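1. 3D, please:
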Amino acid sequence: MLARPSRIAVLTALVDCERSLRLTRLVDRLHEDGQLSRGHDLPARPKLRTRLYHVDLPKLAAAGLVRFDAADRTVARTALTRDLLDCRS
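-> Numbers count the residues shown, from 1 in each chain. As a prediction, this is how the structure comes out:
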């Protein structure tokens, strides 16, 4: 589930968010903090947004790690988000 660096970066970006983020804001945040660029090529914003929307966010949501509203294009953390990241530390 967390083999892709983008999925870990999404969880890290959401861990301190009290409210849901619009997908475009999440992509901006991932580009700003450089989480994905460490040892990996950072995809352009449109490509990253598409990959998150169609692949990564649905998989994370199916596992209960995020709440993803595809219609509103918003994503939010769940109770498991912080727990999972605490275990990885």
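2. what's the residue closest to the geometric middle of the chain?
-> Taking CA atoms, centre = their mean as the criterion, residue 10 is the residue nearest the geometric centre of the chain, at 2.1 Å.
3. CA atoms only: put the strand or helix carrying that residue into PDB for me.
-> Residue 10 is part of helix 5-14 when elements are defined by DSSP states H and E. This file holds the C-alpha atoms of helix 5-14, laid out as PDB (Å, rounded to 0.1, in the frame of the first residue of the first chain):
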ATOM      1  CA  PRO A   5       6.500   7.600  -2.300                       C
ATOM      2  CA  SER A   6       3.500   9.700  -3.300                       C
ATOM      3  CA  ARG A   7       1.200   7.800  -1.000                       C
ATOM      4  CA  ILE A   8       3.500   8.400   2.000                       C
ATOM      5  CA  ALA A   9       3.800  12.100   1.000                       C
ATOM      6  CA  VAL A  10       0.000  12.400   0.900                       C
ATOM      7  CA  LEU A  11      -0.300  11.000   4.400                       C
ATOM      8  CA  THR A  12       2.500  13.200   5.600                       C
ATOM      9  CA  ALA A  13       0.800  16.300   4.100                       C
ATOM     10  CA  LEU A  14      -2.500  15.500   5.600                       C
END
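4. Look at residue 13 and say how many residues are nearby.
-> Under the neighbour criterion other CB atoms under 10 Å, residue 13 is assigned a count of 22. Bear in mind the C-beta positions are built from the backbone N, C-alpha and C, glycine included.
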